[in-house]
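sequence plus the predicted model coming up.
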Amino acid sequence: MGETRIAILEDDRLVEVYIEKHDHHRMVGNIYKGKVENVLPGMQATFVDIGYDINAFLPFSEIQNSEYLLEDFEASNGFDNNGKNNRNNDDNIVVDLHTGQEIFVQVIKEPFAGKGPRVTTEIAIPGRLLVLVPGADYIGISKKIWDKYERRRLKKVASRLKEKGVGLIVRTVAEGKSEEQIQKDYDMLRNHWQKLERKAARLDAPALVYEDLETASSVIRDLLTADVGKIIIDSRKTYRKLKSYLEEVSPNLANRLELYKLKHPLFESMGIEAEIEKLMRPKVWLKSGAYLIIEKTEAMVVVDVNSGRFIGKKLHEENSLKINLEAAREVARQLRLRDLSGLIVIDFIDMREEDNKRKVYYELRKELKKDRAKVAVSPISDFGLLEMTRQRIRLSLLDSMTETCPTCHGSGQIISKDTLITRVDHWLRRYKAKHRGLRLKLLLHPENAEYLKAQKKRVLRGLMWQNFVHIKIEADQEVPRDEFRFVTAKDGVDITNDLDLDREQVSS
């Protein structure tokens, strides 16, 4: 197997998919002892060598430690009374960093599209119930714990445990847990951090100090709560590993693990494989007969809502509202499923009434609360567009499961057959201006070769008469659909690129 795949279902419906390739482990959560390469105040960022192919990107806004900030900046702008950063993004941050300086950083975003990983200086060591934040001095309680009395209890427990110079975040799964269980998790994290400090002291930068759990284990650590019914695993090795982990940190949940033993593939037997295949397509059908078109570009994600086969029995405004509400729910689900991030623009069906626009806006916000990624949503504009951003942590599902097409190079389209013939004509004209060869072979993809011989006989004869050369068409499966190859008829030497070389020599 070349990859590990994890699917999360809520009410028997697929909501999240994780994919980890065995030859490319994720970097998010890893801690490095890095070395500062460049400090660029104009960009408000620095680049750090962590031993990866591309230097890590550290924005000044992610420099949380007071030791890396100038004292006058820290006093005037830096931290509140609890030692937590309260700067806004518009501050002109002044840092105390220089080239060659060693610095601890943690990866918060995977490298992507030629960009290095994004890092922060606020180190966080996640446990089952708590997150330890060395160098900070605050207590945070998960926002998903709603009960105010439970929040108050957990804060008191954390206050008794927390030592000076250490921050603590109480995770959602800590809800209802005893102080003894939380104490055990805290002690484990403190011991772990002390070992990491000793390890880092022995290493020369750049070096990996801490590697976060692989995807399967981290999903169990972060998402396994009491409301999870079961975890089905089709790998004996992974099953034993996760069972051992749960028996150590949460024995009462170990019985939720189930080893899948049937010969039929797990994802196929549960209908997940078919759902994943649908995620590769831009079109998403809704139950009403309407549909979404989801297009991912370099700069943003665009979602278009279309009425499709929907036949409403009400007025246009009411029909539009019904489709848009359904679309808002599905868009939120698709963003999680496809792990789409960055700037996202949704083109809803036009509605005239402001009250209806607000209903769609609040419906989308409600559904996005199920998403663990951070999101920011703006109301629907006068043009019917809704703009939002979603946090990027890892590659999107499309990027994880696909490679750029070597023929279209990611555009999704190739030149037409007639345009290809025009290029052949231009090549022949340049060739005959410099050479006197009378017999050539033209190699084309079988589909293009058949098209030229069967439907464009007159064009082919015209090419030969105009350039006074005999051309023999041959089908070659190895030739891409949008390319051609010319070879000499006598000895089969490929001369396609010779004219390009002649032009380069002339220009030089």
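Here it is on my side, so go on.

in the stretch 201-350 of the chain, where is pLDDT below threshold?
Within the stretch 201-350 of the chain, the segments meeting pLDDT under 70 span 226, 312.

quick one, strands of it?
Ranges of strands in the stretch 201-350 of the chain, per DSSP state E, counting those that start in this stretch, are 207-210, 231-233, 257-259, 283-285, 291-296, 300-306, 342-347.

and the chain, what are its domains?
Using automatic domain parsing, the domain ranges for the chain come out as 27-122, 282-401, 417-507.

now do the shortest one: distance to the chain's middle.
How far domain 417-507 lies from its chain's middle: 42 Å, per Cα atoms, centre = their mean, to the nearest Å.

number of residues surrounding the nearest residue to Asn306 once chain neighbours are set aside?
Ranked by Cβ to Cβ, 6 or more residues apart in numbering and with sequence neighbours excluded, the top spatial neighbour of Asn306 is Tyr291, at 5.4 Å. C-beta here means a position set from N, CA and C on the backbone, and glycine is covered the same way. Counted with other Cβ atoms under 10 Å, residues neighbouring Tyr291 total 20.

so Tyr291 touches Pro282, yeah?
No - applying Cβ atoms under 8 Å as the test, Tyr291 and Pro282 come out as separate, 9.9 Å apart.

still on that earlier bit, of the domains of the chain, which is nearest Leu246?
Of all those, domain 27-122 sits nearest to Leu246, with 19.3 Å by Cβ to Cβ.

ends of the closest one, how far apart?
With Cα to Cα, to the nearest Å as the measure, the ends of domain 27-122 fall 16 Å from one another.

chain center to that domain, what's the gap?
Taking Cα atoms, centre = their mean, the mean C-alpha location of domain 27-122 is offset from the chain mean by 22 Å.

just to revisit the earlier point, just so I know, which of the domains of the chain lies nearest Val249?
Within the domains of the chain, the stretch nearest Val249 is domain 27-122; the backing value is 16.7 Å (Cβ to Cβ).

what's the model's confidence in that closest one, averaged?
pLDDT averaged over domain 27-122 equals 79, rounded to a whole number.

the helix or strand containing Arg152 packs against which elements?
Arg152 is part of helix 148-161, with elements assigned from DSSP states H and E. Other helices and strands packing on helix 148-161, by 3 or more Cβ pairs under 8 Å, 6 or more residues apart in numbering; DSSP states H and E, are strand 139-141, strand 166-170, helix 179-202.

comparing these, which comes out most buried?
With neighbours defined by mean count of other Cβ atoms under 10 Å, none of these is more surrounded on average than strand 166-170, at a mean of 22.

ok so, going back, OK, contacts around the residue nearest to Asn306?
Contacts here follow Cβ atoms under 8 Å, 6 or more residues apart in numbering; on that basis Tyr291 touches 283-285, 306, 308.

okay if I get the helices and strands packed on helix 148-161 as TSV plus distance to Leu438?
As requested, these are exported to TSV (distance: least, Cβ to Cβ, whole Å):
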stretch	distance to Leu438
strand 139-141	81
strand 166-170	79
helix 179-202	73
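
what's the closest of these to Gln64?
Across these, Gln64 has its closest neighbour in strand 166-170 (9.7 Å, Cβ to Cβ).

which strands border that closest one, and is each parallel or antiparallel?
Using DSSP bridges, the neighbouring strands of strand 166-170 in the sheet come out as strand 130-134 (antiparallel), strand 139-141 (parallel).

which other residues reach stretch 331-338?
The contact list for stretch 331-338 (Cβ under 8 Å, 6+ apart) reads 14-17, 279, 284, 292, 294, 303, 340, 344, 346, 364, 367-368, 370-371, 373, 390, 396-398.

what of stretch 396-414?
In contact with stretch 396-414 (Cβ under 8 Å, 6+ apart) are residues 17, 19, 21, 112, 276, 279-280, 296, 337-341, 394, 480-482.

isn't Lys370 right next to Val15, touching?
Yes - under the criterion of Cβ under 8 Å, Lys370 lies in contact with Val15, with a separation of 7.5 Å.

and these two? Which one has more around it.
Using other Cβ under 10 Å, the more surrounded residue of Lys370 and Val15 is Val15, with 15 against 12.

re earlier: so which of the contacts of stretch 331-338 belong to helices?
Among the contacts of stretch 331-338, the members falling in helices are 364, 367-368, 397-398 (criterion: DSSP state H).

out of those, who has the most neighbours?
For these, the largest number of neighbours (other Cβ under 10 Å) sits with Leu364, at 24 neighbours.

how about the contacts made by that one?
Leu364 touches 328-329, 331-332, 346, 377, 386, 388, counting by Cβ under 8 Å, 6+ apart.

tell me the pLDDT of it.
Among the per-residue scores, Leu364 holds a pLDDT of 96.

cool, His24 as well?
67.

spatially, what comes nearest to Glu298 if we skip its sequence neighbours?
The spatially closest residue to Glu298, leaving aside those adjacent along the chain, is Ala113, at 7.4 Å (Cβ to Cβ, 6+ apart).

Glu387 should be in a helix, yeah?
No - counting by DSSP: H, G, I helix; E, B strand; the rest coil, one finds Glu387 to be strand, located in no helix.

wait, it sits on Asp347?
No - because the distance of 10.6 Å does not satisfy Cβ under 8 Å, Glu387 is recorded as not touching Asp347.

so which of the ones in helices among the contacts of stretch 331-338 comes closest to Lys472?
Lys472 lies nearest to Leu398 out of these, by Cβ to Cβ, at 42.1 Å.

quick check: the closest one vs Val301, distance?
Summarising the geometry, the distance separating Leu398 from Val301, computed by Cβ to Cβ, to the nearest Å, is 10 Å.

return every residue with contacts to both of those two.
Between them, Leu398 and Val301 share no contacting residue under Cβ under 8 Å, 6+ apart.

just to revisit the earlier point, burial count for the residue nearest to Glu298?
7.

my guess is it meets Ala299, correct?
No - Ala113 lies out of contact with Ala299 (Cβ under 8 Å); the separation is 11.2 Å.

got a list of contacts for stretch 256-272?
Residues outside stretch 256-272 that contact it (Cβ under 8 Å, 6+ apart): 5, 7, 9, 14, 224, 228-234, 236, 239, 242-243, 246, 273-274, 276.
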